[in-house]
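> give me a 3D structure for the following:
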Amino acid sequence: MLKTLILKLAAIYLTLYFLSGCSKTGSALESVIQRDELIVLTRESPTTYITNKSGTSGFEYELVSLFANKLGVKVRFIFPDEFNDLLQLTTGHSADFAAAALSITPEREKRLLFTPSYYSITQQLVYNYRTRRPRSTKNLTSPFFEVLAGTSHAENLQKIKPSQPSLDWTETANTTVTELVGMVDTGLLDYTIVDSHQFQILRTQFPMLNAAFDISEPEEIAWAFAKSEDLSLYNEAVKFLNEAKKNGTIAQLQDKYFGYSKQLDYVGIRTFRRHFKTRFPHLRTDFEQAAKKYSLEWSLLAAVAYQESHWNPKAVSPTGVRGIMMLTKATAKQMKVANRLDPSQSIDGGAHYLATRLKRIPSRIVEPDRTWMALASYNIGLGHLEDARILTQKQGGNPDKWIDVKKHLPLLADKNWYPTTKYGYARGNEPVTYISNVRQYIRMLEQLVDNPTPPQNEIEVQLPAL
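Below is the predicted model of the structure:
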């Protein structure tokens, strides 16, 4: 009897022991759910994860946060000391995966498991305007050429080296791409390599720099997991990314972080920085007061004003619009602006008019699409915007998404399309360029307000008054 009881108790103990062990060694996905936290390796850069006065943002930050939200868990980011540490994922690592704008390369695929790509980039050689532009890698004989160790930048240079023995560079670990770009700006380096979308952002901060050429074919960007037989979390991530592509989430994020104007050149960027120093300080209070009065962002209002007049209070166009906000007579009268050339009145009137445009946009349209639609109507008129939205819907696009509507606005100038619209012909390309520029000016304003002192080595170039 006692022996039977002991055997039963032993069986119960072993059962509980193994059940307990199973709960502790669940799948990767179950582990994330149980700990209520997704742990992700990333890096601080303009294209991944950014923290400033406005808070935390970035393409990877937002995409990963959406994935964590889908899983119903919190997210915690880990920032390795060196870039190469991002690639050291194993099944025993504390992080679940890496989301750091990593390129898929044959060398990396030997060690890591990548999700399907969610966008592509090219790698660009960056140089300073004060030096001669190199035309190909054959011209790269300078010893002052550094790239970040462990990156696909270094990997691609290694591929080129056998055919060009004179090619030389240094690989550095304890730094960032932004710091390398800064050293090219100050003249400490002659060249570095930057991903195209990252340089697109950094160039407004370093207007003396330019891209000479691409050093590789386009590369695909994806999340990286440790190779493992347990694909539960990986499969969930693939499912999430496929859905995000299908429902337009990834396209929206790309437009949000990388969709601003590529049209501004060296002169345009330098002119903006010069006007920020000479004109903007006299107008900032007016922008802030008008923005507060009409519940707008002051940086948006200032950017619109720069697009309209380059912050010139006496600006006049051949069509009769004038002032900081370039108001027509009819708009000025409607907004009760007595003197369009008075900066305070013009800014208040422009802010008031923009606020009325925002109220006319359907409430179901969310930000930032709501603002871009309002700006389009500010530029081209609400009727023409509605025509473009109808064309967007007829062609299978989403009329409530700016990334779809901006593709169809140019059709308003196409003789095959504008006769079918209610309001007829319009220069539909103009609001697309207009909004791209405004978005670029907003970004530059935020950069300059956070860091108002330009690099000391920046050469002052005499530019024409605009």
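
> what ranges do the helices span in the stretch 251-400 of the chain?
266-278, 280-293, 298-309, 329-334, 343-360, 369-380, 382-394 (DSSP state H, counting those that start in this stretch).

> adding distance to residue 197, mean pLDDT and mean neighbour count, write these out as TSV.
Every residue, glycine included, has its C-beta placed from N, CA and C. Below are the helices of the stretch 251-400 of the chain laid out as TSV (distance: least, C-beta to C-beta, whole Å; pLDDT from 0 to 100; neighbours: other C-beta atoms under 10 Å):
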stretch	distance to residue 197	mean pLDDT	mean neighbour count
helix 266-278	17	90	17
helix 280-293	28	97	17
helix 298-309	21	96	24
helix 329-334	37	94	14
helix 343-360	29	96	21
helix 369-380	20	95	23
helix 382-394	26	96	20
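
> just put these in CSV and tack on distance to residue 65.
Formatted as CSV, these follow (distance: least, C-beta to C-beta, whole Å):
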stretch, distance to residue 65
helix 266-278, 31
helix 280-293, 28
helix 298-309, 23
helix 329-334, 40
helix 343-360, 27
helix 369-380, 19
helix 382-394, 29
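
> mind checking which of these is nearest residue 449?
Of all those, it is helix 298-309 that lies closest to residue 449, at 7.8 Å by C-beta to C-beta.

> just the CA trace of the closest one, in CSV.
Extracted in CSV, the C-alpha atoms of helix 298-309 (Å, rounded to 0.1, in the frame of the first residue of the first chain):
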residue,chain,number,x,y,z
TRP,A,298,4.5,76.1,-36.5
SER,A,299,7.1,74.2,-38.6
LEU,A,300,4.4,73.3,-41.1
LEU,A,301,3.3,76.9,-41.4
ALA,A,302,6.9,78.1,-41.7
ALA,A,303,7.7,75.5,-44.4
VAL,A,304,4.6,76.5,-46.4
ALA,A,305,5.7,80.2,-46.2
TYR,A,306,9.2,79.3,-47.4
GLN,A,307,7.8,77.3,-50.3
GLU,A,308,5.6,80.3,-51.2
SER,A,309,8.0,83.2,-50.8
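
> now it, how far from the chain's geometric center?
Helix 298-309 sits 20 Å away from the centroid of its parent chain (C-alpha atoms, centre = their mean, to the nearest Å).

> please name every helix or strand in contact with it.
Packed against helix 298-309 by the contact rule (3 or more C-beta pairs under 8 Å, 6 or more residues apart in numbering; DSSP states H and E) you find helix 280-293, helix 343-360, helix 369-380, helix 429-450.

> what's the closest of the ones you listed to residue 49?
Of the helices and strands packed on helix 298-309, nearest to residue 49 by C-beta to C-beta is helix 429-450, at 16.3 Å.

> which strands or helices does that closest one pack on?
Looks like helix 429-450 contacts helix 266-278, helix 298-309, helix 369-380, helix 402-408 (3+ C-beta pairs under 8 Å, 6+ apart).

> hmm, who's touching it?
The contact list for helix 429-450 (C-beta atoms under 8 Å, 6 or more residues apart in numbering) reads 52-54, 201, 204-205, 259-261, 263-264, 269, 272-273, 276, 299-300, 302-304, 306-307, 372, 375-376, 379-380, 385, 402, 406, 409-410, 413.

> need the pLDDT of residue 150.
Turning to residue 150, the model gives it a pLDDT of 86.

> what are the structural domain limits within this protein?
21-120+221-258, 123-216, 266-450 (automatic domain parsing).

> run the chain-centre distance for the longest one.
This means domain 266-450. Relative to its parent chain, domain 266-450 has a centroid offset of 21 Å by C-alpha atoms, centre = their mean.

> that older thread, closest to residue 98 out of the helices of the stretch 251-400 of the chain?
Comparing the helices of the stretch 251-400 of the chain against residue 98 with C-beta to C-beta, the closest turns out to be helix 369-380 (30.6 Å).

> quick one: contacts of that closest one?
Under the criterion C-beta under 8 Å, 6+ apart, residues 300, 304, 353-354, 357-358, 360-361, 365, 384-385, 388, 400-402, 405-406, 409, 412, 426-428, 430-431, 434-435, 438 lie in contact with helix 369-380.

> repeat the analysis, applying 7 Å as the threshold.
When contacts are defined by C-beta atoms under 7 Å, 6 or more residues apart in numbering, helix 369-380 is touched by residues 300, 353-354, 357-358, 360-361, 365, 385, 400-402, 426, 430-431, 434-435, 438.

> in this protein, which residue is closest to the centre?
Residue closest to the mean C-alpha point of the chain, counted by C-alpha atoms, centre = their mean, is residue 257 at 1.8 Å.

> and that one, how far from residue 311?
Counting by C-beta to C-beta, to the nearest Å, the gap from residue 257 to residue 311 is 26 Å.

> cool, residue 174 as well?
Remark: distance between residue 174 and residue 311 (C-beta to C-beta) = 41 Å.

> those two: which has the busier surroundings?
Taking other C-beta atoms under 10 Å, residue 174 and residue 311 do not tie; residue 311 has more neighbours (21 against 10).

> list the contacts of the more buried one.
Each residue near residue 311 by C-beta under 7 Å, 6+ apart is listed here: 275, 279, 280, 283, 305, 324.

> closest one of those residues to residue 240?
Using C-beta to C-beta, residue 305 is the member of the contacts of residue 311 that lies nearest residue 240, at 40.6 Å.

> tell me the contacts of residue 327?
321, 337, 340, 346, 349, 350.

> list the contacts of the last one.
Going by C-beta under 7 Å, 6+ apart, residue 350 touches 304, 305, 325, 327.

> cutoff 10 Å now
Residues near residue 350 by C-beta atoms under 10 Å, 6 or more residues apart in numbering: 287, 290, 294, 296, 301, 304-305, 308-309, 323-327, 331-332, 335, 337, 340, 378.

> these two touch, right, residue 245 and residue 222?
No - using C-beta atoms under 10 Å, residue 245 is not in contact with residue 222, being 12.0 Å away.

> so the two - more neighbours on which side?
Per other C-beta under 10 Å, whichever of residue 245 and residue 222 has more neighbours is residue 222, with 23 against 15.

> part of a strand, is that one?
Yes - assigned with DSSP: H, G, I helix; E, B strand; the rest coil, residue 222 falls within a strand.

> with adjacent residues omitted, what lies nearest to it?
Nearest residue to residue 222, sequence neighbours excluded (C-beta to C-beta, 6 or more residues apart in numbering): residue 114, at 4.4 Å.
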